[in-house]
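Enquirer: Return atomic coordinates for the entry below.
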Amino acid sequence: MAVVGLNHFTVLTENLDTSVEFYGSVLGLKPGWRPPFPFPGAWLYCGALPVLHVVAGREVPSGPGVIDHVAFTATNLSATLSTLKSRGVGYTLRRQPGGGEWQVFFHDPNGARVELDFPASEPAPEGA
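Expert: Presented below is the predicted three-dimensional model:
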């Protein structure tokens, strides 16, 4: 058996609408078709792929789990930072050593840590 790609990740939430709105506004993920599971939730799509499953109606554990974060490839670093600032979302901006990719880390409304990776060729944001 061999892994051929990442299928999706799942976030547990106490507020489905808040989570769907956050990922739509911040990352541009769009709600789409989801099987008729017997519990509330949403599948959020990046293009044609349902990359994020948001599940409500289950106990949300406190504190981080064994998975540290999920990372997305992204574009338009400056606009993304503006969006995070306008929403009051704290973030950490890093550059991989040696002039590599820009990395932005932040938490979603449920406490899940998200990383966005931007091409090294994107201009440095003001104050970076």
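
Enquirer: just the CA coordinates of stretch 30-44, formatted as PDB?
Expert: Output in PDB follows, covering the C-alpha atoms of stretch 30-44 (Å, rounded to 0.1, in the frame of the first residue of the first chain):
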ATOM      1  CA  LYS A  30     -16.400  26.600  -0.500                       C
ATOM      2  CA  PRO A  31     -19.000  24.400   1.000                       C
ATOM      3  CA  GLY A  32     -20.100  21.600  -1.300                       C
ATOM      4  CA  TRP A  33     -21.700  18.200  -1.500                       C
ATOM      5  CA  ARG A  34     -21.500  16.000   1.600                       C
ATOM      6  CA  PRO A  35     -23.000  12.500   2.000                       C
ATOM      7  CA  PRO A  36     -26.100  12.400   4.200                       C
ATOM      8  CA  PHE A  37     -24.300  11.400   7.400                       C
ATOM      9  CA  PRO A  38     -26.400  11.200  10.600                       C
ATOM     10  CA  PHE A  39     -24.500  14.000  12.300                       C
ATOM     11  CA  PRO A  40     -24.100  17.700  11.400                       C
ATOM     12  CA  GLY A  41     -21.200  18.800   9.400                       C
ATOM     13  CA  ALA A  42     -19.900  20.400   6.200                       C
ATOM     14  CA  TRP A  43     -17.400  19.500   3.500                       C
ATOM     15  CA  LEU A  44     -15.300  22.500   2.300                       C
END
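
Enquirer: Could you pull up the mean pLDDT of that stretch?
Expert: For stretch 30-44, the mean per-residue pLDDT is 95.

Enquirer: Buried residues in it, which are they?
Expert: Buried residues in stretch 30-44, defined by neighbour count with 16 or more other C-beta atoms under 10 Å: 31, 41-44. Where you see a C-beta, it was placed from the backbone N, CA and C, and this is true even at glycine.

Enquirer: Which of those residues fall in strands?
Expert: Residues of the buried residues of stretch 30-44 located in strands (DSSP state E): 31, 41-44.

Enquirer: Having no further points to raise, I will conclude here.
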